[in-house]
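>>> Sharing a model that was predicted from the sequence below.
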Amino acid sequence: MGKLKWSGTVEALTDATPNQVWTIVSDITRVGEWSHECRSGAWLGDAGSAMPGARFTGRNQVGRVAWSRTCEIVAADAPHELVWRTVPSTMFPDSTEWRITIEPHGVGARIVQTYRVLKMNPVLERLVYLTTKPHRNRVPALESDVGRLGALAASSEPSVAG
C-alpha cells in the first residue's frame, strides 16, 4: 500500500499587497473562491473573524466524496500568518495543521501555504488513500490554490487591514 504525503509546502508570488491577501485568506467565508477542495466556510458560535480559538466549519468536496470538518484558528497575525487545524472528532479522528504566511515581495507579496498531518489513524489513512486520490500528494492542487488566492487578492480593492 502507498502512503499519504503527510506534509507539503507551496508558494506563489502576487502583485497584491500583504493586506489584500490577508483580507481574503482571513475571511473563511471566502475560501470557496480560491480553494480546489473547500467549497465553503462558516464561523461557529460567536466567532466572526480570524483569532486564536475561533472555530469554523469547512465544507469540502473532491470528486464525489464530500465532507465537513470543524477547524480551529491556532494563530492569526495580520497580515502575516494564519494557522488553523482540523479538530479531531469521532468520525474524523485525524488532525492536520494548515499555515498560510504572507511576506512582502517587491510591490506585491509571497504567499506560502504549508500543511502537516498531526495525527492520522492507519485505517483512516488507508481509506483516504483508496477513496480520495488527490490526497495522496496534495502539493499540485495546493500550488493552484495559492495561485488563485494571489490572483483574487490582486483583483480586489486595497485594504487597510493589520
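Perfect, I can see it now. Values in this document were obtained by computation on a predicted structure and should not be read as measured data.
>>> all strands of the chain, in order?
7-14, 38-43, 55-62, 65-77, 81-86, 95-105, 108-119 (DSSP state E).
>>> Residue 155: which of the ones you listed is closest?
Taking C-beta to C-beta as the criterion, strand 7-14 is the member of these that comes nearest to residue 155, at 10.0 Å. For every residue, glycine as well, the C-beta is placed using N, CA and C.
>>> Spatially central residue in the protein, please.
The chain has residue 98 as the residue nearest its centroid, 5.6 Å off, counting by C-alpha atoms, centre = their mean.
>>> Hmm, that one is touching residue 75, no?
No: the pair residue 98 / residue 75 is not scored as a contact, 11.0 Å apart, by C-beta atoms under 8 Å.
>>> Would you list the phi and psi of residue 4?
Here is the backbone geometry of residue 4 (degrees, to the nearest 10): phi -70, psi 150.
>>> Contact partners for it?
Contact analysis of residue 4 by C-beta atoms under 8 Å, 6 or more residues apart in numbering lists 117, 120, 125, 128-129, 135-136.
>>> Turn the strands of the chain into a markdown table, including distance to residue 156.
Shown next, in a markdown table, are the strands of the chain (distance: least, C-beta to C-beta, whole Å):
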| stretch | distance to residue 156 |
| --- | --- |
| strand 7-14 | 11 |
| strand 38-43 | 18 |
| strand 55-62 | 21 |
| strand 65-77 | 19 |
| strand 81-86 | 17 |
| strand 95-105 | 14 |
| strand 108-119 | 13 |
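>>> so which of these gets nearest residue 26?
strand 81-86 (5.7 Å).
>>> Between strand 95-105 and that closest one, find me the angle.
170 degrees (axes from the mean of the first three to the mean of the last three C-alpha atoms, to 10 degrees).
>>> picking that back up, in the sheet, who's paired with the residue nearest to the centre of the chain?
residue 84, residue 115 (DSSP bridges).
>>> which residues touch the closest residue to residue 124 other than its chain neighbours?
Excluding the flanking residues, the one nearest residue 124 by C-beta to C-beta, 6 or more residues apart in numbering is residue 94, at 5.7 Å. If a contact means C-beta under 8 Å, 6+ apart, then residue 94 has 86, 88, 117-121, 124-125 as its contacts.
>>> in this protein, which helix or strand is least confident?
helix 122-131 (a mean of 82; mean pLDDT, DSSP states H and E).
>>> Contacts for it next, please.
For helix 122-131, using C-beta under 8 Å, 6+ apart, the contacting residues are 1-4, 65, 92-94, 135-136.
>>> rewinding a little: anything in contact with each of residue 98 and residue 75?
residue 83.
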